[in-house]
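# Pasting a predicted model and its sequence here:
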Amino acid sequence: MARPPRKQQDEQPSEIVDKLVAINRVAKVVKGGKNFGFAALVVVGDQKGRAGFGHGKAREVPEAIRKATEEAKKKMIRVPLREGRTLHHDGRGRWGAGKVVVRSAPPGTGLIAGGPMRAVLEVLGIQDVVAKSLGSSNPYNMVRATFDALAEQVSPRQVANKRNLKVADIIGRRRDGASAPGETVEG
């Protein structure tokens, strides 16, 4: 009796994209000279609001990248996106001396970010955002600071649930001014 074909275990429901952010050659000085190794920083994401980063070290570059990718897949976080293209609100992140500012942007703005921040936002699936890196340009600190800023993001639905309000009340206050729906501004 023939067995039915099994589904592949490696197949995941969403396609995960990975980007190599930085690779360093590191040396350990020993009695006979130097032992060289490689350290890799990788970011992964499904381009639908989930992303993670990982760091791997090995004697060969491909092995370091593989280790970093595995760690990144384990440490993925979910970031709520507005309309699937930008952030709900502005955010600031910090890690060590690395500081970043991420701002939501209107449609058509594009991804205005540089270096390691750009890689993180690309794998996250963000299309319209303005980002600025302040302080350290160390890729490790920049990636961690970017994730710090993204971890602060909350959607109107999460805020409404926390405050026992309706989503319409939260969104109504956000559009073009601070007044809530139903309030009149006299002037």
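Yep, that arrived.

# from here on, contacts and neighbour counts on C-alpha atoms
Fine.

# residues contacting residue 93?
99-101, 145-150 (CA atoms under 8 Å, 6 or more residues apart in numbering).

# rerun at 7 Å
99-101, 145-146, 148-149 (CA atoms under 7 Å, 6 or more residues apart in numbering).

# Let me have those residues in TSV, extended by secondary structure.
Converted to TSV, the contacts of residue 93 look like this (DSSP: H, G, I helix; E, B strand; the rest coil):
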residue	secondary structure
99	strand
100	strand
101	strand
145	helix
146	helix
148	helix
149	helix
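
# Could you dump these into TSV with distance to residue 124 added?
Listed next are the contacts of residue 93 as TSV, based on distance: CA to CA, whole Å:
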residue	distance to residue 124
99	19
100	16
101	16
145	15
146	11
148	14
149	13
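
# ok, so of the residues you listed, who is nearest residue 131?
residue 101 (5.5 Å; CA to CA).

# Would you mind giving the domain segments of the protein?
Following automatic domain parsing, the chain resolves into domains at 17-77, 80-174.

# re earlier: who wins for neighbours among the contacts of residue 93?
residue 146 (28 neighbours; other CA atoms under 10 Å).

# Residue 39 and residue 86, how far apart?
Distance check for residue 39 against residue 86: by CA to CA, to the nearest Å, it reads 32 Å.

# for this structure, what spans make up the helices?
With helices called from DSSP state H, the chain shows them at 61-74, 115-124, 139-151, 156-163, 167-174.

# tell me the angle of the lowest-mean-pLDDT helix or strand in the chain relative to helix 156-163?
When the helices and strands of the chain are scored by mean pLDDT, DSSP states H and E, helix 167-174 comes last with a mean of 73. Put simply, helix 167-174 runs at 110 degrees to helix 156-163, going by axes from the mean of the first three to the mean of the last three CA atoms, to 10 degrees.

# Kind regards, and thank you for your time.
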